[in-house]
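In: Give the three-dimensional model of this entry:
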Amino acid sequence: MSSNLDALYRRVIMDHYKNPRNRGVLEDGSHTINMNNPTCGDRIQLTLKVEDGIVVDAKQEGEGCSISMSSASMMTQAIKGQKIEDALKLSKIFSDMMQGKEVDDDIDLGDIEALQGVAKFPARIKCATLAWKAMEKSLKEENQD
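Out: All right, here's what the predicted structure looks like:
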């Protein structure tokens, strides 16, 4: 990856960290899930509002490193308005990206693409995937209702 692209990705990550999107808690009958990464202290509370199989709103709050918190911000943006199965598919694509696997170039990951460099740092992968794991757990429970 070029140094210009690295710098751009760092700016995107820091922007989401300093100006998190969808920060807060949904109070209106939403699914709430709390998860943490005990090895580094990252924690997230994710609330999702799902209607007719579509994630109509998503909020997150928590504490953690820039990777963890920016990933949560990006994830909530990416899944809002998505069908449950599409949000879960996006999570699988993200997981593959974190494992260093090739991701289909036709898929527009938006800001999430900025996190692809995390795959080079195995200790940070759990930071990046924490919010995604919370979303998966919540939506899989939703699908069973």
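In: Name the nearest residue to residue 100, sequence neighbours excluded.
Out: Nearest residue to residue 100, sequence neighbours excluded (CB to CB, 6 or more residues apart in numbering): residue 119, at 4.2 Å. For glycine as for every other residue, the C-beta is placed from the backbone atoms N, C-alpha and C.
In: Backbone dihedrals for that neighbour, please?
Out: Main-chain torsions, residue 119, degrees, to the nearest 10: phi -60, psi -20.
In: What segments of the chain are helices?
Out: 3-18, 66-79, 84-98, 122-144 (DSSP state H).
In: Any regions of this structure where pLDDT drops low?
Out: Along the chain, segments meeting pLDDT under 70 span 1, 29, 144-145.
In: got TSV for the helices of the chain, with mean neighbour count and distance to residue 104 too?
Out: Below are these laid out as TSV (neighbours: other CB atoms under 10 Å; distance: least, CB to CB, whole Å):
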stretch	mean neighbour count	distance to residue 104
helix 3-18	14	19
helix 66-79	25	15
helix 84-98	17	8
helix 122-144	19	18
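In: and those as CSV, adding distance to residue 109?
Out: Shown next, in CSV, are the helices of the chain (distance: least, CB to CB, whole Å):
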stretch, distance to residue 109
helix 3-18, 11
helix 66-79, 8
helix 84-98, 7
helix 122-144, 12
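In: For the most centrally placed residue in the chain, give me its contacts.
Out: By CA atoms, centre = their mean, the chain has its centre lying nearest to residue 75, at 3.2 Å. By CB atoms under 8 Å, 6 or more residues apart in numbering, the contact list for residue 75 reads 58, 60, 94, 112, 131, 132, 135.
In: can you check residue 116 too?
Out: If you count contacts by CB under 8 Å, 6+ apart, residue 116 has them with 9, 97, 103.
In: Please apply the same query to residue 59.
Out: 22, 23, 24, 25, 26, 30, 46, 47, 76.
In: how much space between residue 62 and residue 135?
Out: Remark: distance between residue 62 and residue 135 (CB to CB, to the nearest Å) = 13 Å.
In: And residue 106, by the same measure?
Out: Relative to residue 135, and taking CB to CB, residue 106 is found at 23 Å.
In: Number of residues surrounding the residue nearest to residue 100?
Out: Neighbour count for residue 119, taken as other CB atoms under 10 Å: 16.
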